[in-house]
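K.L.:
Sharing a model that was predicted from the sequence below.
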Amino acid sequence: YSNLPFRWFEYLKESKSLAAPVNLFNKEVPNHRFCPGMKLEAVDLMEPRLVCVATVTRIVHRLLRIHFDGWEDEYDQWVDCESPDLYPVGWCQLTGYQLQPPAVTAGSRELQSASKQRKKSQQYKGQKK
């Protein structure tokens, strides 16, 4: 699209398109009770096969900013409070699914991803006593 700056109403008219009505979208904010600092297990949306140790760092209405522990903030993801990609602490252990522990060292996404792949065969056994 070359007509810059982009304007929705002009684009809709030119493309003979119809915008989805606002009333189709869920604007209700449930009393989800998530708070910044809470820990959980979350799917990495960039690598959906991975469930990682994560922290809620910010909340804006329905949206939670999820920080993957041990990773740089640039990899944080915004997720709806009712997302099926969020799990309580202990879900992976209960179901036998591989939990990715916090990254140990800072570095590039590729190095951390390779590290996660090497750990794939290890079973998370929970916190050591």
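P.N.:
Looks like it came in fine. Owing to the predicted nature of the structure, the values given are computational and were not obtained by experimental measurement. Numbers count the residues shown, from 1 in each chain.
K.L.:
which sections of this protein are below the confidence cut-off?
P.N.:
In the predicted model of the chain, residues 105-129 satisfy pLDDT under 70.
K.L.:
Residue 19 is in what secondary structure piece?
P.N.:
In this assignment (DSSP states H and E), residue 19 forms part of neither any helix nor any strand.
K.L.:
list the contacts for it?
P.N.:
By Cβ atoms under 8 Å, 6 or more residues apart in numbering, residue 19 lies in contact with 8, 12. No exception for glycine: its C-beta is placed from N, CA and C like everyone else's.
K.L.:
Next one: it from residue 33, what distance?
P.N.:
33 Å (Cβ to Cβ, to the nearest Å).
K.L.:
now do residue 95
P.N.:
If you go by Cβ to Cβ, the gap between residue 95 and residue 33 works out to 23 Å.
K.L.:
So the two - more neighbours on which side?
P.N.:
Set residue 95 next to residue 33 and count neighbours by other Cβ atoms under 10 Å: residue 95 wins out with 10 against 7.
K.L.:
Provide the partner residues of the residue positioned nearest the centre of the chain in its beta bridges.
P.N.:
The centroid of the chain falls nearest to residue 77 when counting by Cα atoms, centre = their mean (4.2 Å). According to DSSP bridges, the residues that bridge with residue 77 are residue 66.
K.L.:
Give the full set of residues in contact with it.
P.N.:
Taking Cβ under 8 Å, 6+ apart as the criterion, residue 77 is in contact with 42, 44-46, 65-66, 68.
K.L.:
Check residue 76 too.
P.N.:
57, 65-68.
K.L.:
same thing but 10 Å
P.N.:
For residue 76, the residues meeting the contact criterion (Cβ atoms under 10 Å, 6 or more residues apart in numbering) are 54-55, 57-58, 65-68.
K.L.:
How much space separates residue 91 from residue 36?
P.N.:
Counting by Cβ to Cβ, the gap from residue 91 to residue 36 is 21 Å.
K.L.:
repeat for residue 48
P.N.:
Where residue 36 is concerned, residue 48 sits at a distance of 25 Å (Cβ to Cβ).
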